[in-house]
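> A predicted structure for the sequence below; I have some questions about it.
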Amino acid sequence: MKLWREKGTWVGRHAAARLARLEPADVRRIAVIKHCAFGDMLLTRPLLVTLREHFPHAELTLSTLSDARGVPEDLVDRVHYSPARSEQAGWGEKRRAYRALGEQDILLDITASTASMLISALNPAGFKIGYKHRGLHRLIYDVAINRAEFRYEAETFLEPVNVLGIQFDWPLKFDMPQEPLARPKPYVVYFPTASVASRTWPPEHFAALIREMADALPGHDHVLLEGIQDWEVAVCDTIEGLSGPPRNFLRWPAGDEDRALLKGAAAVVCNDTGIRHLATALETPTVGIFFNSPPFGYWPRFGSHQLVFDREGRPPAVEDVGAALLRAVNVQGA
């Protein structure tokens, strides 16, 4: 294979020769190292789909942590687990777990953490690709690239395959199987909480939005989806009380049918949270509300996904979120 590089790419002395010895048809083992939370794990799916398409005969391994959620087992042949920080494992136990990944033909580290770099260093591979990191990449990888900070993260995770001359599909392919929930009327889902309370748009804003959208989209049901924590349920109680609620309002407890609910929605409105990534992976239009975290890395520039944020970092206005929702619904229905 030919090595492709850009100006900022770091290339080891023997990288081109090492890669030239690998023919795509001869690649039998590929490992992707990704240690992350639920949302970023979902954004890893397009990379795994692309690797499977270009190396159909290779055993594909995902290396992650033991407490990982949303692991895409349907896209890989094997999952390699390392101890999570909460396990407080000793160095000997960690080292054995790290080395259990085994020899690979191609290894891609898209995490750039201490643990992922140790796993990369402790397991031999025909070719290793990682991110540039304080000079340490020179000791571990054959090629290291700069990590894009303002690009959609699912694309960022795909950039290492460009080193191999591989193009990826656009729009991105998540290939998440799920049948939509069958309901007699179209509906919009509102998920008002997040992993931390500081990322949640004020409940009174959600209540006002639901009232306005119930009038603007009278043919739709407006579904308030609860989170799993007690405080998240309490937020939904507040929103329901403040919103009226309108006649076409429904409350949906968290449960096993959440994915089907998201898949069948005309659009999903939510904060910076994993539910939005799940809706994106299910190819459902989304409206993301940002004010306490940078939005650009979580902004899909395809489909009818909308992002709403105030340039000064304040909670966005209800009318701005409402306008984005109407755009999302209209684009989907076009």
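Sure thing, it's come through.

> Can you show me the strands along the stretch 101-250 of the chain?
Under the criterion DSSP state E, counting those that start in this stretch, the stretch 101-250 of the chain contains strands at 104-109, 125-131, 143-145, 187-191, 221-225, 249-252.

> Which strands or helices does the third one pack on?
Contact analysis of strand 143-145 by 3 or more CB pairs under 8 Å, 6 or more residues apart in numbering; DSSP states H and E lists strand 10-11, strand 125-131 as its packing neighbours. The C-beta positions use only the backbone N, C-alpha and C, and glycine is treated the same way.

> Just want the angle from the longest helix along the chain to strand 187-191.
Taking DSSP state H as the criterion, the chain has its longest helix at helix 318-333. Per axes from the mean of the first three to the mean of the last three CA atoms, to 10 degrees, the angle that helix 318-333 makes with strand 187-191 is 140 degrees.

> re the thing from before, need the strands of the stretch 101-250 of the chain in JSON lines (columns: distance to His54).
What follows is the strands of the stretch 101-250 of the chain, written out as JSON lines (distance: least, CB to CB, whole Å):
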{"stretch": "strand 104-109", "distance to His54": "11"}
{"stretch": "strand 125-131", "distance to His54": "14"}
{"stretch": "strand 143-145", "distance to His54": "17"}
{"stretch": "strand 187-191", "distance to His54": "35"}
{"stretch": "strand 221-225", "distance to His54": "37"}
{"stretch": "strand 249-252", "distance to His54": "39"}
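
> domains of the chain?
Listed by automatic domain parsing, the domain ranges of the chain are 10-162, 187-333.

> winner for burial among the helices and strands packed on strand 143-145?
Of those, the one with the most neighbours on average (mean count of other CB atoms under 10 Å) is strand 125-131, at a mean of 23.

> Indicate which one of the domains of the chain is closest to Phe168.
Taking CB to CB, domain 10-162 is the member of the domains of the chain nearest to Phe168, at 4.7 Å.

> what residue ranges in the chain are flagged as low confidence?
331-334 (pLDDT under 70).

> Where do the helices of it begin and end?
For the chain, the helices defined by DSSP H occupy 15-20, 38-42, 45-54, 91-99, 114-122, 137-140, 153-162, 203-216, 230-243, 258-264, 274-281, 318-333.

> is it possible to export the ones you listed to TSV including mean neighbour count and distance to Pro294?
Shown next, in TSV, are the helices of the chain (neighbours: other CB atoms under 10 Å; distance: least, CB to CB, whole Å):
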stretch	mean neighbour count	distance to Pro294
helix 15-20	16	32
helix 38-42	21	14
helix 45-54	20	21
helix 91-99	14	31
helix 114-122	19	23
helix 137-140	16	24
helix 153-162	21	11
helix 203-216	20	20
helix 230-243	16	24
helix 258-264	20	24
helix 274-281	25	15
helix 318-333	18	18
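
> Looking at those helices, spot the one closest to Val308.
Of all those, it is helix 318-333 that lies closest to Val308, at 4.9 Å by CB to CB.

> hang on, the earlier thing: now distance to Met176 too, for the domains of the chain, in JSON lines please.
What follows is those, written out as JSON lines (distance: least, CB to CB, whole Å):
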{"stretch": "domain 10-162", "distance to Met176": "7"}
{"stretch": "domain 187-333", "distance to Met176": "5"}
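
> right, and Thr9 touches Ala144 too?
Yes: the pair Thr9 and Ala144 qualifies as a contact (CB atoms under 8 Å) at a distance of 7.5 Å.

> higher neighbour count, those two?
Using other CB atoms under 10 Å, the more surrounded residue of Thr9 and Ala144 is Ala144, with 27 against 16.

> I'd say the more buried one and His137 touch.
Yes: Ala144 lies in contact with His137 (CB under 8 Å); the separation is 3.6 Å.

> Mind listing the shared neighbours of those two?
Trp10, Gly130, Tyr131 (CB atoms under 8 Å, 6 or more residues apart in numbering).

> Could you dump those into CSV with distance to Ala112 added?
Shown next, in CSV, are those (distance: CB to CB, whole Å):
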residue, distance to Ala112
Trp10, 13
Gly130, 6
Tyr131, 4
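
> quick check, nearest of these to Leu172?
Nearest to Leu172 among these is Tyr131, at 19.6 Å by CB to CB.

> need the contact list for that closest one.
By CB under 8 Å, 6+ apart, the residues touching Tyr131 are Asp109, Ile110, Ala112, His137, Ala144, Ile145, Asn146, Arg147.

> Quick check on those: which are buried?
Among the contacts of Tyr131, those classed as buried by 16 or more other CB atoms under 10 Å are Asp109, Ile110, Ala112, His137, Ala144, Ile145, Arg147.

> What residues are bridge-paired with the fifth one?
The partner list for Ala144 in beta bridges (DSSP bridges) reads Trp10, Gly130.

> That one and Leu62, how far apart?
For Ala144, the distance to Leu62 equals 21 Å [CB to CB, to the nearest Å].

> Same check on the third one?
From Ala112 across to Leu62, the span is 16 Å (CB to CB).
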